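[1] Here is my input, please return the structure:
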Amino acid sequence: MIGITGVAANTPQPAKTGTSTIGRVWPIAEPDALAEIEAKVATLPKDMSRQFGPRANWSALRAASLGVASVDRTRAVVPFHTLEFDIKLPDGRLIYPKGYSFNPLSYVKLPQRLVVVHPRDLPWALRTARTSDFVIVTAGDAIELGERTGRAIYLLEERVKERLGLTVAPVIVAQSGHKLILTEIGPKSRSAGIATPQREAAK
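    This is a model prediction of the structure:
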């Protein structure tokens, strides 16, 4: 028996590559972005939380308040938006004037539902919400709630409350054509675990 050591003829070999320069080149003048970030971080305190105080006092974590839904109700809202300034082309020609109103839902589609609840109704919301839905709370620490539940939880902003015409919670917001359908869930339906009780839409 003859022993042979080495690389078999059909074993793939590493490909040899090379580089070449075509044309003129210049050194990069801009500072390295990552190096700038790291340098800035190095100047900051190790514990930034002490600079901001308890999360309960953070203005960014203050949610808009809503009343409590006392009955099942469905109503429709058209979220008209009014421009607060002129929209012009670079040459100064006016496209849309300040005060022009339009319905954003005529141009875009809301890809998911919004499930808005008070923190005490969060278990109901988590059972009710689809994977793609946004779960939004009207109070509490959304960061802590997200960590505890393992799902992204958002705070209700005042501008969202006003734009959607929200008054009570729990409420499920879904797009239907060029309008939003607000499904307000009363206590009987919540206790029964019902997500979309049958009722007539308010005119």
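
[2] All the helices of this structure, residue numbers only.
    If DSSP state H is used as the criterion, the helices of the chain fall at 33-42, 49-52, 122-128, 142-149, 158-164, 187-191.

[3] what's the most buried one of the ones you listed?
    Of the helices of the chain, the one with the most neighbours on average (mean count of other Cβ atoms under 10 Å) is helix 122-128, at a mean of 18. C-betas here are computed from N, CA, C, even on glycine.

[4] by contact count, what packs against it?
    strand 114-117, strand 134-137, helix 142-149 (3 or more Cβ pairs under 8 Å, 6 or more residues apart in numbering; DSSP states H and E).

[5] To D72, which of these lies closest?
    strand 114-117 (15.0 Å; Cβ to Cβ).

[6] what about that closest one, average pLDDT?
    Per-residue pLDDT over strand 114-117 has a mean of 96.

[7] Can you dump the C-alpha atoms of it in PDB for me?
    The C-alpha trace of strand 114-117 is given here as PDB (Å, rounded to 0.1, in the frame of the first residue of the first chain):
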ATOM      1  CA  LEU A 114     -53.700  50.700  16.300                       C
ATOM      2  CA  VAL A 115     -54.900  49.100  19.600                       C
ATOM      3  CA  VAL A 116     -55.100  51.900  22.100                       C
ATOM      4  CA  VAL A 117     -55.700  51.000  25.800                       C
END
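
[8] That one pairs with which strands?
    strand 134-137 (parallel), strand 171-176 (antiparallel) (DSSP bridges).
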